[in-house]
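*Asks:* below are the sequence and a predicted model; questions follow.
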Amino acid sequence: MARSVHTVDEENVSATLAVAVPAEKVFAVLADPATHPAIDGTGWVREPADRAALTEVGQIFRMDMYHPNAQDGDYQVANQVHVLDAPRAIGWRTGHDPKGDGHLEFGGWFWRYDLVPLGPSDTEVTLTYDWSAVPQSVREYIQFPPFGPEHLPNSLQHLAELVAPTSRAGASGG
């Protein structure tokens with residue numbers, strides 16, 4: 001099943017892909033932090049530091065990351081689940097622990113997946129990256145979005161390959 005849409009607004013970007021898999025199966029993969037490195041379209045996500053399934057709003061899960069522009073390349077983000085409506089939606093906002101004292105600060109951006117059943121075995125998946133709450137002080141040193149236009153379609157294609165390895169789902173930027 002190949003259907004893809006890619007949109008960019010002033011404060012967010014999204015991509016949509018239909019996959020030949022029930023929404024419950026797609027949601028289960030998204031709720032497992034161990035799958036996130038394989039889904040990531042940038043190659044920045046390395047591995048989960050917290051491997052527990054995402055089960056409740058407010059839950060924190062940390063991911064080990066790499067970016068060549070980060071100090072020493074390696075860093076860690078702390079994600080807080082802010083949407084959890086199985087099997088329809090899951091999302092998290094990204095933050096970090098700047099002082100290493102357990103106090104998390106969030107930058108004002110979040111990731112969200114919306115799942116719409118298209119039938120008993122097909123699902124439309126929309127991935128949205130929203131930076132509308134990023135303060136100007138952060139925008140002065142981070143460009144938004146911090147990745148190219150291919151990132152979200154690539155991530156959805158990786159998700160499609162994980163949930164249905166034989167699926168013919170296809171994503172393209174637009």
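*Replies:* Okay, I see it.

*Asks:* list the buried residues in stretch 63-80.
*Replies:* Within stretch 63-80, the residues that qualify as buried are 63, 65, 77-80, counting by 16 or more other Cβ atoms under 10 Å. Glycine gets a C-beta too; all of them are placed from N, C-alpha and C.

*Asks:* sec struct for the nearest residue to residue 154 once chain neighbours are set aside, please.
*Replies:* In space, and not counting its chain neighbours, residue 154 is closest to residue 41: 3.1 Å by Cβ to Cβ, 6 or more residues apart in numbering. Using DSSP: H, G, I helix; E, B strand; the rest coil, the three-state assignment for residue 41 comes out as coil.

*Asks:* quick check, residue 41 in contact with residue 155.
*Replies:* Yes. Residue 41 lies in contact with residue 155 (Cβ atoms under 8 Å); the separation is 3.8 Å.

*Asks:* ok, those two, which is more surrounded?
*Replies:* Higher neighbour count among residue 41 and residue 155: residue 155, with 26 against 21, using other Cβ atoms under 10 Å.

*Asks:* so residue 130 bridges to which residues?
*Replies:* In this structure, residue 130 bridges to residue 12, residue 110 when assessed by DSSP bridges.
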